[in-house]
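Chemist: pasting a predicted model and its sequence here:
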Amino acid sequence: MKITRRNLAALAAAAVAASPQAAIAQQPASGEDLMKTKRDQMQANAAALAAVKVPMAVEPAFQFKA
């Protein structure tokens, strides 16, 4: 099945439009709630990145120049 960029954009827009209550429910009420939510997201992202195994043969996408 081929998916074009336009089809993918339409699917993404439909998914966002289908669940507006979920987006509203995710917004915290106060600054402390926002900070806790962002901290939890960062910790979840860090755990997901730590779970990915990268072989030593992988080269970085940049060069160090002196």
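Modeler: Right, received. Where do you want to start?
Chemist: K53 in helix, strand or coil?
Modeler: Reduced to three states with DSSP: H, G, I helix; E, B strand; the rest coil, the structure at K53 is coil.
Chemist: could you say which helix or strand holds A9?
Modeler: helix 5-18 (DSSP states H and E).
Chemist: what's the mean pLDDT across that helix?
Modeler: Across helix 5-18, pLDDT averages out at 80.
Chemist: repeat that for stretch 51-66.
Modeler: 81.
Chemist: what residue lies at the spatial centre of the chain?
Modeler: Residue closest to the average C-alpha location in the chain (Cα atoms, centre = their mean): N45, at 8.0 Å.
Chemist: helix or strand for it, which one?
Modeler: When elements are assigned from DSSP H and E, N45 belongs to helix 31-51.
Chemist: can you report how many residues neighbour T37?
Modeler: By other Cβ atoms under 10 Å, the residues close to T37 number 13. From N, CA and C alone the C-beta is placed, and that goes for glycine too.
Chemist: from R6, how far off is A12?
Modeler: Distance, A12 to R6, using Cβ to Cβ, to the nearest Å: 11 Å.
Chemist: actually M35, sorry about that
Modeler: To R6, M35 is 38 Å away according to Cβ to Cβ.
Chemist: out of the two, which sits in the more crowded spot?
Modeler: For M35 versus R6, neighbours defined as other Cβ under 10 Å are more numerous around M35 (11 against 8).
Chemist: need the pLDDT of that one.
Modeler: On the pLDDT scale, M35 is placed at 91.
Chemist: gap between it and M42?
Modeler: Applying Cβ to Cβ, the value for M35 to M42 is 11 Å.
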